[in-house]
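[1] I'll drop the sequence and a predicted model, then ask my questions.
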Amino acid sequence: MSELSKTGVHFSADYERHDTGPGHPESAHRYQVLSAALAALPPEIRRMESARRATVAEILLVHEHSYHDLVYRDTESLADFLRTGDTAICEHSYDVALEACGAMLTALDAVMAGELAAVFCAVRPPGHHATANRGMGFCVFNHVAIGARYLQARHGLGRIAIIDWDVHHGNGTEEIFIEDPSVLYISLHEEHIYPYTGSATNRGRGPGLGMNLNIPLPRHSAGMQALAAWDAQVGPAMDAFQPEFVLISAGFDARLDDPVGGLCWDDETFAEMTRRSAGYARQWSHGRLVSVLEGGYNPPGLASAAVAHVMALGQ
Ligand SMILES: [Zn+2]
């Protein structure tokens, strides 16, 4: 049984070094507001410090070598954007992306060692739009995808489930695992918005057929609608798959009043999705769960939804 004292949270001012420029929604300010709220969590929630940066070899578990080198070179040349797409960068972005990924890997190791049951990693830049060879949508390296591969390569696990409730479809994660039967990718997202992927008809390809579950939701729909779709589709898929580890792409831009997303979920929606995810983890995965921050662009809303998420991890 998971409990609050086995719940961890990771955040660090280091991630504020990723400077996306004035007026950008994925801003250091957003992160500062979130960090202040996480710092005020009850002391039973354990703060996890990162042990290390991700290595290049770990990035290459998912990304092509040429893409890794492109991120390094674009950062070194002080470009404003990755040349592959709409991801603003600064001179520190390569380092910060490696630190973010390394923190998630630290969390995976801590959970696999039984030191913690569930950890929320509040990191940036986000990751779920990054494909094997293309950064886009504010994302550089795909943390959850690297995490899934790392659990398989380093810890010998087989079946990994990734639940993505960011308001945007995680096209990068989907593309990386589209033919892979060992990774179940589930995305709940707003339909007809960026990146314009995530059709319910895309169920995977080849050996991965049936391992990709997209649940597009109509603009302005509330959390009840998402939870009803969850009951009908996510629960049965998780029970059939029986994952050995649960990863969450935890975006909070589906929350009411987000300036980017158009859904109307409240904090209780995120708490309920968290309790359900932790329930699957307890049932199938010895309670092992790590969630990683993706979007969420109304700073106070992001903070309150993320706090609800962390508090529900141990419930
Ligand atoms: Zn998003």
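    Good, I have the coordinates.
[2] What residues does the stretch 101-250 of the chain have near the ion?
    166, 168 (C-beta under 5 Å from the ion). Glycine gets a C-beta too; all of them are placed from N, C-alpha and C.
[3] Contact partners for residue 183?
    148, 159, 160, 161, 162, 177, 208, 211 (C-beta atoms under 8 Å, 6 or more residues apart in numbering).
[4] next one: phi and psi at it?
    Dihedral angles of residue 183 (phi, psi; degrees, to the nearest 10) stand at phi -130, psi 120.
[5] Specify the beta-bridge partners of it.
    Here residue 183 sits in beta bridges with residue 160, going by DSSP bridges.
[6] What separation is there between it and the ion?
    Separation of residue 183 from the ion (C-beta to the ion, to the nearest Å): 20 Å.
[7] just residue 127 next, same as before
    11 Å.
[8] Could you give the number of residues near that residue?
    As a burial measure, residue 127 scores 31 neighbours (other C-beta atoms under 10 Å).
[9] Quick check, residue 235 in contact with residue 279.
    No: applying C-beta atoms under 8 Å, one finds residue 235 not in contact with residue 279, separated by 9.3 Å.
[10] check contacts around residue 269.
    222, 223, 226, 227, 254.
[11] Number of residues surrounding the last one?
    Each residue near residue 254 was counted by other C-beta under 10 Å, and the total is 29.
[12] looking at the contacts of residue 183, which has the most residues close by?
    Most neighbours among the contacts of residue 183, by other C-beta under 10 Å: residue 148, with 29 neighbours.
[13] contacting residues around the closest residue to that residue other than its chain neighbours?
    Nearest non-adjacent residue to residue 148, counting by C-beta to C-beta, 6 or more residues apart in numbering: residue 160, 4.2 Å away. Contacts for residue 160 were tallied using C-beta under 8 Å, 6+ apart; they are 148, 151, 152, 182, 183, 184, 243, 244, 245, 247.
[14] separation between the last one and the ion?
    This means residue 247. Residue 247 is 16 Å from the ion, by C-beta to the ion.
[15] Put the alpha carbons of the helix or strand harbouring that residue into PDB.
    Assigned by DSSP states H and E, residue 247 belongs to strand 245-250. Only the C-alpha atoms of strand 245-250 are listed here, as PDB (Å, rounded to 0.1, in the frame of the first residue of the first chain):
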ATOM      1  CA  PHE A 245       5.700   0.400 -14.200                       C
ATOM      2  CA  VAL A 246       3.400   3.300 -14.700                       C
ATOM      3  CA  LEU A 247       4.800   6.600 -16.100                       C
ATOM      4  CA  ILE A 248       2.700   9.700 -16.400                       C
ATOM      5  CA  SER A 249       3.100  12.700 -18.800                       C
ATOM      6  CA  ALA A 250       1.600  15.100 -16.300                       C
END
